[in-house]
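>>> Could you look at this predicted model? Sequence included:
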Amino acid sequence: MTPLAAGALILLLVFVGGAAAGDEMVAARDDMTAARDDMTAAHDDMTAARDDMTAARYGGGTVTMSQLEKYIATRYAREPVGKDALDYEIRERVLEQEALKRNIRIPDSELQAAIQKIDAGIREQTKHSLDDELGLKGMDRSTFEAIYRKQLACERMVRADLAVPAGETVGAEQQELWLSEKVNGAKIVREKLPPGAFALVNGDPITPAQVGATIRLKLSRAEIRDALRNLIGVLLVEARAKEMGLEADAKDIDAAIDRRRERFANNPKMVGITFDQLLQAKGLTIEDLKHDGGVRGEAILYKIGETAYPDEEVDKRYAAEKAKFDGAFGESRKVSWILMHASSDPNTLIKKTYPEVELELKQIAERATSAAEFGRLAGIYSTDTSTRKIGGDLGWLHRAEPGIEPPILAAVFAADAPEGKVFGPIRNTQGSALLWVHDKRPAPEMKLMRRAVRSELVGEFYRKLLENANITTYLDPPAATASRPDPKR
């Protein structure tokens, strides 16, 4: 593959490419006004292309690439990938402004000649075309051309400033250092921004759609599918709420945040950290959550649940499926364990038999004279990596707790199961375990049980809503979807 093609492929995959274009500098032929018009037109063309591209179809409409990217921007903006994307967009804007100031314009003929070389190099290296690679990344041809045009402009400016001879390639490191200096000299504003701006670059706004487009190309296919599913879920819920004449108010939004706080508090994997601390670590505030699309969707969904499932309906479902709901939401036990993996047929991964680990566990049990000591021993001897660092804490378990094996639940809820004392070992499919019941809670009163049952019914409603939507995305194989991005748009 030629250096030019290799640089373009790197650009396509990670946004930083060492572009090596023609050997001669092409002088700018038009005036500054024409150059500015070209830049504005390029931005407009990219925006229009993204509005036309279909990211997904579902049983009520379509999601455009622009919609998806705006949603992704709000979802990931405060996370590392979002911060990296914003930094990238800032650098791109500085590059655009510098090219505009110098009246640097890359003619179409030069751009297309360079892209032909890229395509040839990619075909040689991967047996795919450039358009194939763009399609896999969900990038349309016009967007790639706009990005690569800027890379060629960057190379030209670096060549001029560093006096790189025409016969030599401008290295990626040279471009990186040059652009970093330009960014450091720019006026970048990240706080107290006008509506619809993630940053200002010398007074020029960086929009959520632009940041979202960059984030999307950095996400895995699974993350994009998840984002699409969540976005479509919000759209479906909002449509259903509109049909029912329902709207989420500030009180509903606060209730949705409180539910998230409660779920977080009941997650044993989050021991030692509060919900507010988690938000702070992500650079978020409660006010940010109040404007989050997912929180708004949840608030509307529960509003639908209150209307679609009044107390009488909830009581009827509870009576019909009492054993199911009691198992899921009834009495509970706060439990810790010390699990040691074992096998009836030891192998390289699990080297010990059940009798061997049970002998060890009985010896450990003799030392577990308090809950604190049990937790300490779990941190030393448990082979369950998900709970070992938190003292073996399994959290509050119900009789039909998902993800917990029946032998463990049977032992925990047995009539003679002791509280505040070690017992076991209890054999299960993973190995054997010592158990410690810290506390017991009776089944909730009917008011709280209704809330739990309604929550289950709302979740059931939401899952069916998505299942019946027949979602297809641009990531699906061509035969499975009616629309994929047109790489030549």
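That came through fine. Numbers count the residues shown, from 1 in each chain.
>>> all contacts plus neighbour counts: C-alpha atoms, from now on.
Noted.
>>> you'd agree F423 is in a helix?
No - the assignment for F423 (DSSP: H, G, I helix; E, B strand; the rest coil) gives strand, which keeps it out of a helix.
>>> Burial check on G379, number of neighbours?
Residues lying near G379 (other Cα atoms under 10 Å) number 19.
>>> Oops, could you answer that again for A319 instead?
A319 has 12 neighbours, counted by other Cα under 10 Å.
>>> Show me what the helix or strand containing it is packed against.
Applying DSSP states H and E as the criterion places A319 in helix 311-320. Secondary-structure packing of helix 311-320 (3 or more Cα pairs under 8 Å, 6 or more residues apart in numbering; DSSP states H and E): helix 446-467.
>>> what is the orientation angle of the helix it packs on with helix 311-320?
90 degrees (axes from the mean of the first three to the mean of the last three Cα atoms, to 10 degrees).
>>> Show me what helix 446-467 is packed up against.
Under the contact criterion of 3+ Cα pairs under 8 Å, 6+ apart, helix 446-467 touches helix 221-244, helix 293-308, helix 311-320, helix 322-329.
>>> now the helices for the stretch 1-150 of the chain?
Secondary structure of the stretch 1-150 of the chain (DSSP state H, counting those that start in this stretch): helices at 3-14, 32-52, 65-76, 80-101, 108-126, 130-137, 141-161.
>>> One more: the stretch 251-400 of the chain?
Applying DSSP H, counting those that start in this stretch to the stretch 251-400 of the chain gives helices spanning 275-281, 286-290, 293-308, 311-320, 322-329, 354-365, 371-381, 385-388.
>>> what's the most buried one of the helices and strands packed on helix 446-467?
Ranked by mean neighbour count, the helices and strands packed on helix 446-467 are led by helix 293-308 with a mean of 20 (mean count of other Cα atoms under 10 Å).
>>> what residues does it touch?
Applying Cα atoms under 8 Å, 6 or more residues apart in numbering, the external contacts of helix 293-308 come out as 71, 74, 230, 233-234, 237-238, 241, 246-248, 252-253, 255-257, 289-290, 454-455, 457-458, 462.
>>> With stretch 408-417 instead?
R333, V335, L397, H398, R399, A400, E401, F423, I426, N428, L435, V437.
>>> Kindly indicate which of the residues you listed lies nearest F144.
The shortest approach to F144 among these belongs to E401, at 49.4 Å (Cα to Cα).
>>> what about that closest one, how many neighbours?
Using other Cα under 10 Å, E401 is surrounded by 15 other residues.
>>> So for it, what's the nearest residue that isn't a sequence neighbour?
A328 (6.3 Å; Cα to Cα, 6 or more residues apart in numbering).
>>> hang on, isn't the one you found packed against H398?
Yes - using Cα atoms under 8 Å, A328 is in contact with H398, at 5.8 Å.
>>> and the helices of the stretch 1-150 of the chain, which is most packed in?
helix 65-76 (a mean of 22).
>>> Tell me the helices and strands packed up against that helix.
helix 32-52, strand 54-58, helix 208-218, helix 221-244.
>>> Return the distance of the last one from the chain's centre.
With Cα atoms, centre = their mean, to the nearest Å as the basis, helix 221-244 stands 15 Å off its chain's centre.
>>> Give me the angle between that helix and helix 130-137.
Relative orientation of helix 221-244 and helix 130-137, computed by the same axes, to 10 degrees: 60 degrees.
>>> helices or strands next to helix 221-244 in the packing?
helix 65-76, helix 293-308, helix 446-467.
>>> show me the residues around the nearest residue to L466 once chain neighbours are set aside that make contact.
Closest residue to L466 apart from its sequence neighbours, by Cα to Cα, 6+ apart: G233 at 6.5 Å. Applying Cα under 8 Å, 6+ apart, we find G233 in contact with G297, Y462, L465, L466.
>>> Then I72?
Applying Cα under 8 Å, 6+ apart to I72 gives the contacts G212, I215, R216, A227.
>>> how about low-confidence regions in the stretch 201-350 of the chain?
268-269, 271 (pLDDT under 70).
>>> again, 80 this time
Across the stretch 201-350 of the chain, residues meeting the criterion (pLDDT under 80) sit at 266-272, 281-284, 293.
>>> picking that back up, as a markdown table, the helices and strands packed on helix 446-467 with distance to W178 would be great.
Putting those into a markdown table (distance: least, Cα to Cα, whole Å) gives the following:
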| stretch | distance to W178 |
| --- | --- |
| helix 221-244 | 33 |
| helix 293-308 | 39 |
| helix 311-320 | 65 |
| helix 322-329 | 60 |
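>>> Out of those helices, flag the one nearest A120.
Using Cα to Cα, the nearest of the helices and strands packed on helix 446-467 to A120 is helix 221-244, at 26.4 Å.
>>> Would you mind checking the contacts of stretch 408-417 for buried ones?
R333, V335, L397, H398, R399, A400, F423, I426, N428, L435, V437 (16 or more other Cα atoms under 10 Å).
>>> among those, which two are most distant?
A400 and F423 (20.5 Å).
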